[in-house]
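S.K.: here is my input; please provide its structure:
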Amino acid sequence: MTTMHPNFSSSAFSAFRFKVLALGLLSALVLAGCGSSSSRRVSYETEEFDSTTTHTRTYAATEGQTCEAARRALLSQGYMINAANTDLVTGRKSFQPAAEVHVEVEFRVVCAREGGKSGKRSTVAFATALQDRYGIKKVNNSASLGVGAIGSLSLPFAGSDDAMVKVASETLTDELFYDRFFALLDRFLEGQGGEEPEAPSVAPESPRPAAPLNPGAPATTFPVKPVPTPG
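M.R.: Below is the predicted model of the structure:
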């Protein structure tokens, strides 16, 4: 049987035991948090660099033809083209999946020349889509009231403005998404009719002798007048 000190009341003992239990619970929470943070994985740890088919395709065409087909493919889907040349095409498109959510997708295609073993010219198309997500943020406004002796006072009022704030940015990695784009690019590439036609070489023409005005007409002779000699 436990004997309590006469000066140690039951209420003080209860408070002491509560502190001990609280300290033990706090220590357990701290250890659990440390364990969960150490086992947490970051997003880039999933990058294994073992696939080259998600973002790339090879076409039997020139860089200019491939990027032109990519430009037409993006235009046909409502993308606003920001840049387009023989080796780079970028486009942007806006989406509204919810009332207070705005999404923008920026599509980028790089066309790089690749030489095959057979000597036939081919091009590798690299496609990447970046998705930016925006949310609506309420911004309270304030009005300034001019007071002669004091200066100006800033008084808040109920009005507010809505501002779009970027809340997330992510590179799209869905293979089906890129499969659909590359299939559409291939359709536009087939419509261009294959390789670019080469300009025909034109040999310089040799000068031709001038033809007579009337070949069948007889030659015309003019009488020669004698020159008088001085007497």
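S.K.: contacting residues for Phe107?
M.R.: Each residue near Phe107 by C-beta atoms under 8 Å, 6 or more residues apart in numbering is listed here: Leu74, Tyr79, Thr90, Gly91, Arg92, Lys93, Ala127, Thr128, Ala129, Phe181. C-beta coordinates here come from the backbone N, C-alpha and C atoms, glycine included.
S.K.: and which of those is nearest Glu48?
M.R.: Closest to Glu48 out of the contacts of Phe107 is Thr128 (17.6 Å), distances taken as C-beta to C-beta.
S.K.: hang on, the earlier thing: can you redo the contacts of Phe107 as JSON lines with neighbour count and secondary structure?
M.R.: As requested, the contacts of Phe107 are arranged in JSON lines below (neighbours: other C-beta atoms under 10 Å; DSSP: H, G, I helix; E, B strand; the rest coil):
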{"residue": "Leu74", "neighbour count": "24", "secondary structure": "helix"}
{"residue": "Tyr79", "neighbour count": "19", "secondary structure": "coil"}
{"residue": "Thr90", "neighbour count": "19", "secondary structure": "strand"}
{"residue": "Gly91", "neighbour count": "23", "secondary structure": "strand"}
{"residue": "Arg92", "neighbour count": "16", "secondary structure": "strand"}
{"residue": "Lys93", "neighbour count": "15", "secondary structure": "strand"}
{"residue": "Ala127", "neighbour count": "21", "secondary structure": "strand"}
{"residue": "Thr128", "neighbour count": "16", "secondary structure": "strand"}
{"residue": "Ala129", "neighbour count": "20", "secondary structure": "strand"}
{"residue": "Phe181", "neighbour count": "20", "secondary structure": "helix"}
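S.K.: just the closest of those residues to Phe49, please.
M.R.: Within these, proximity to Phe49 (C-beta to C-beta) peaks at Thr128, which comes in at 15.1 Å.
S.K.: can you name the residues bridging to Glu104?
M.R.: For Glu104, the beta-bridge assignment (DSSP bridges) gives partners Ser94, Asp132.
S.K.: for it, what are its contacts?
M.R.: Applying C-beta under 8 Å, 6+ apart to Glu104 gives the contacts Arg92, Lys93, Ser94, Phe95, Gln131, Asp132, Tyr134.
S.K.: same check, this time on Ala69
M.R.: Going by C-beta under 8 Å, 6+ apart, Ala69 touches Ala61, Leu185, Asp186, Phe188, Leu189, Gln192.
S.K.: leaving out sequence neighbours, find the closest residue to the third one.
M.R.: Computed as C-beta to C-beta, 6 or more residues apart in numbering, the closest residue to Asp186 that is not its neighbour in sequence is Tyr59, at 7.2 Å.
S.K.: distance check, the one you found against Gly91.
M.R.: Per C-beta to C-beta, to the nearest Å, Tyr59 is found 19 Å from Gly91.
S.K.: Serialize the contacts of Phe107 to TSV and add fields for pLDDT.
M.R.: Formatted as TSV, these follow (pLDDT from 0 to 100):
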residue	pLDDT
Leu74	98
Tyr79	98
Thr90	98
Gly91	98
Arg92	97
Lys93	97
Ala127	97
Thr128	97
Ala129	97
Phe181	97
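S.K.: so can I have JSON lines of the residues you listed showing distance to Glu68?
M.R.: Below are the contacts of Phe107 laid out as JSON lines (distance: C-beta to C-beta, whole Å):
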{"residue": "Leu74", "distance to Glu68": "11"}
{"residue": "Tyr79", "distance to Glu68": "15"}
{"residue": "Thr90", "distance to Glu68": "14"}
{"residue": "Gly91", "distance to Glu68": "13"}
{"residue": "Arg92", "distance to Glu68": "19"}
{"residue": "Lys93", "distance to Glu68": "19"}
{"residue": "Ala127", "distance to Glu68": "15"}
{"residue": "Thr128", "distance to Glu68": "19"}
{"residue": "Ala129", "distance to Glu68": "19"}
{"residue": "Phe181", "distance to Glu68": "15"}
